[in-house]
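J.: coordinates only, sequence not included:
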């Protein structure tokens with residue numbers, strides 16, 4: 001009979017799903033170092049790395065215990081993708097926490113005439129352009145949209161984008177370039193004016 005350490009990831013997952021906790025210990029031992037390094041490489045924060053690492057394995061445990069694990073032969077890629085998604089969620093949450101909301105300020109900063117540069121017409125044009133841009137972004141291929149959103153909405157560098165998405169910096173730059181070219185093409189095709197001037 002095979003020892004647990006000699007078993008494949010899938011065999012260990014099946015055993016763990018059937019209640020053998022030692023099987024999960026072997027999986028954890030097998031991947032904890034590389035997963036921890038992957039997370040730390042992206043977030044550069046020991047406490048945050050610990051939190052995301054723990055949360056990743058909690059999701060792994062829940063998914064296996066609920067019988068929803070379907071990634072035959074791809075366990076390492078699967079747990080890395082879970083960690084990757086948790087990292088992105090953390091960046092999004094962090095960004096939202098740093099946003100200023102008009103609801104939290106007693107003085108209405110956004111409607112103060114002294115702080116306004118443009119007319120109502122300028123504002124309407126700007127809002128329409130931004131709405132058009134959002135529509136165009138939705139029609140981009142997923143890989144291009146992801147890079148564009150990380151760059152412009154999350155203010156991440158191309159190195160950070162490359163790290164998070166698991167591609168080279170050149171690939172991330174290429175995806176951004178194609179995203180912009182595709183948006184220009186769609187704007188011309190549908191006669192959408194993207195200039196605020």
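T.: Done, it's in. No experiment lies behind these values; they were computed from the predicted model shown.

J.: drop to CA atoms for contacts and neighbour counts, all remaining ones
T.: Noted.

J.: which residue ranges of the chain form helices?
T.: Remark: helices assigned in the chain by DSSP state H are 9-17, 21-43, 46-65, 75-97, 120-138, 142-152, 158-165, 169-189.

J.: tell me which helix or strand of this structure sits lowest on mean pLDDT?
T.: One helix or strand of the chain scores below all others by mean pLDDT, DSSP states H and E: helix 120-138, with a mean of 75.

J.: in this structure, what spans have low per-residue confidence?
T.: Applying pLDDT under 70 to the chain picks out residues 1, 98-123, 194-197.

J.: rerun that using 50 as the cut-off
T.: Within the chain, the stretches with pLDDT under 50 are 114-115.

J.: before we move on, back to that, how far does the least confident helix or strand of the chain sit from its chain's centre?
T.: Remark: helix 120-138 is offset 25 Å from the chain centroid, using CA atoms, centre = their mean, to the nearest Å.

J.: one more: stretch 51-61?
T.: Centre-to-centre, stretch 51-61 and its host chain are 16 Å apart (CA atoms, centre = their mean).

J.: hmm, who's touching that stretch?
T.: If you take CA atoms under 8 Å, 6 or more residues apart in numbering as the criterion, stretch 51-61 is touched by 35, 36, 39, 79, 82, 83, 86, 87.

J.: I'd like those residues laid out as JSON lines, including neighbour count and distance to residue 125.
T.: Listed next are these as JSON lines, based on neighbours: other CA atoms under 10 Å; distance: CA to CA, whole Å:
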{"residue": "35", "neighbour count": "19", "distance to residue 125": "47"}
{"residue": "36", "neighbour count": "18", "distance to residue 125": "47"}
{"residue": "39", "neighbour count": "24", "distance to residue 125": "42"}
{"residue": "79", "neighbour count": "19", "distance to residue 125": "45"}
{"residue": "82", "neighbour count": "17", "distance to residue 125": "40"}
{"residue": "83", "neighbour count": "25", "distance to residue 125": "40"}
{"residue": "86", "neighbour count": "18", "distance to residue 125": "37"}
{"residue": "87", "neighbour count": "21", "distance to residue 125": "35"}
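
J.: can I get the residues you listed in JSON lines including distance to residue 189?
T.: Formatted as JSON lines, the contacts of stretch 51-61 follow (distance: CA to CA, whole Å):
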{"residue": "35", "distance to residue 189": "45"}
{"residue": "36", "distance to residue 189": "46"}
{"residue": "39", "distance to residue 189": "42"}
{"residue": "79", "distance to residue 189": "41"}
{"residue": "82", "distance to residue 189": "38"}
{"residue": "83", "distance to residue 189": "39"}
{"residue": "86", "distance to residue 189": "37"}
{"residue": "87", "distance to residue 189": "37"}
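
J.: for these, which one is nearest residue 126?
T.: Checking the contacts of stretch 51-61 against residue 126 by CA to CA gives residue 87 as the nearest, at 32.1 Å.

J.: what is the burial count for residue 89?
T.: 12 (other CA atoms under 10 Å).
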